[in-house]
Each structure stands twice: as structure tokens, then as C-alpha cells.
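Chemist: can you look at this prediction? I've put the sequence above it.
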Amino acid sequence: MASLWTFIIIGSVIYLFWLNRKVAEAANQHAARQADQLQVQLMSVACVKRRFGLLTNGKPGIKSEFMFEFSSDGDSVYQGVLCLENEMLKSVVIPPHKI
């Protein structure tokens, strides 16, 4: 019985790690897409907040906030925010920046 619980715990840890990586890769893709739409250079993407909870569709999942830095002229850096539910982009906050 103890070995069964060990397998369940190890399997859960592996699944949560895999799900976190999947969300991080989706955030990188969303940030790159935003940078392409704005015609700016993407500099970095970092996770600011991550928590488990009920999503807007009523199912449990991961709610995440990612900050991405971009530059429009090569000298100044701006920070935008991506809000995700699992891999789905819910909102984007982009500060005013030079064109």
C-alpha cells in the first residue's frame, strides 16, 4: 500500500512539473506574438504569479501572470503583463511606449 502512495505522489509531482512547463512555453509564445504585433524586440519573459484555482470555465487549473520586457528603440525597456489560465491568454497589459 505504501508503494502505491509513493507512485501516486511521484506521478502527481511529474504531472505538475509538466503542466508548469507547458504554461511557461505558452507564455513565451504569447509574448512573442505580442512583440510581433507591436513590431518591437522581445527581451525576456518571467513568471510573476502562479496559483491553482478555478478557471472561468469552472474547472480547476493554473492561473498565471507573466511579465515580458520589450524594447521599441533599443535603448529603453518596457514591461507588459500577460494573464493566462492554463495555456489560454486572458488579458494583456501593454504600457505606452515609443514607436
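Modeler: Structure received.

Chemist: what ranges do the helices span in the protein?
Modeler: 2-38 (DSSP state H).

Chemist: buried residues, the top strand by length along it. List them.
Modeler: As assigned by DSSP state E, the longest strand anywhere in the chain is strand 41-54. Within strand 41-54, the residues scored as buried using 16 or more other CB atoms under 10 Å are 42, 45. C-beta here means a position set from N, CA and C on the backbone, and glycine is covered the same way.

Chemist: from the rest of the structure, what touches it?
Modeler: Around strand 41-54, the neighbours that count as contacts under CB atoms under 8 Å, 6 or more residues apart in numbering are 20, 23-24, 27-28, 31-32, 35, 60-72, 74, 77, 81.

Chemist: pull up the pairing partners for it, direction included.
Modeler: strand 60-71 (antiparallel) (DSSP bridges).

Chemist: what angle do the strand it pairs with and helix 2-38 make?
Modeler: 40 degrees (axes from the mean of the first three to the mean of the last three CA atoms, to 10 degrees).
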